[in-house]
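1. With the sequence up front, the predicted model follows.
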Amino acid sequence: MTQVYDPTAPIPEVIQNLRRSVGDLTGKVVGFIDNAKPNFNLLADDIAELLTSRYGVKTIIKRAKRGASMPATEQVIDELAAQCDLVVTGSGD
């Protein structure tokens, strides 16, 4: 018998209730938190170009963490939360 494991953790209901749709991206501000992994900056640059040229995103804001295993600083989180309609965090390699 083969067993398949789902590696995703269940999302607590309190977090599910915080989700909201951004809807149309035209005129929105999108933030990126570079997690300092190799190539994430290249991926973020490509995604930013697509978001602005194809989807009408008004502004891209990029900030970086000091290392992949470290959280973003409160200053970075507060800044992006105040200025952005959505924020993308990610991984590279």
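-> That came through fine.
2. What ranges does the chain have for its helices?
-> Taking DSSP state H as the criterion, the chain contains helices spanning 13-16, 40-55, 74-83.
3. Put together a markdown table for the ones you listed, with distance to D34 on each row.
-> All C-beta spots, glycine's among them, are computed from the backbone N, C-alpha and C. What follows is the helices of the chain, written out as a markdown table (distance: least, C-beta to C-beta, whole Å):
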| stretch | distance to D34 |
| --- | --- |
| helix 13-16 | 24 |
| helix 40-55 | 5 |
| helix 74-83 | 10 |
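4. a markdown table please, covering these and showing mean pLDDT.
-> A markdown table is the format used below for these (pLDDT from 0 to 100):
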| stretch | mean pLDDT |
| --- | --- |
| helix 13-16 | 62 |
| helix 40-55 | 93 |
| helix 74-83 | 92 |
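5. Can you say which of those helices is nearest to D24?
-> Among the helices of the chain, helix 40-55 comes nearest to D24, with 8.3 Å by C-beta to C-beta.
6. Highest mean neighbour count out of the helices of the chain?
-> helix 40-55 (a mean of 14; mean count of other C-beta atoms under 10 Å).
7. Among the helices of the chain, which comes closest to I61?
-> Of the helices of the chain, nearest to I61 by C-beta to C-beta is helix 74-83, at 6.1 Å.
8. just checking, what packs against the closest one?
-> If contacts are counted by 3 or more C-beta pairs under 8 Å, 6 or more residues apart in numbering; DSSP states H and E, helix 74-83 sits against strand 29-34, strand 59-64.
9. And that helix, how far out from the chain middle?
-> 13 Å (C-alpha atoms, centre = their mean, to the nearest Å).
10. ditto for stretch 65-74
-> In this view, stretch 65-74 has its centroid 14 Å away from the chain centroid, taken as C-alpha atoms, centre = their mean.
11. Minimum distance to T26: which of the helices of the chain has it?
-> Smallest distance to T26 across these (C-beta to C-beta): 7.0 Å, for helix 40-55.
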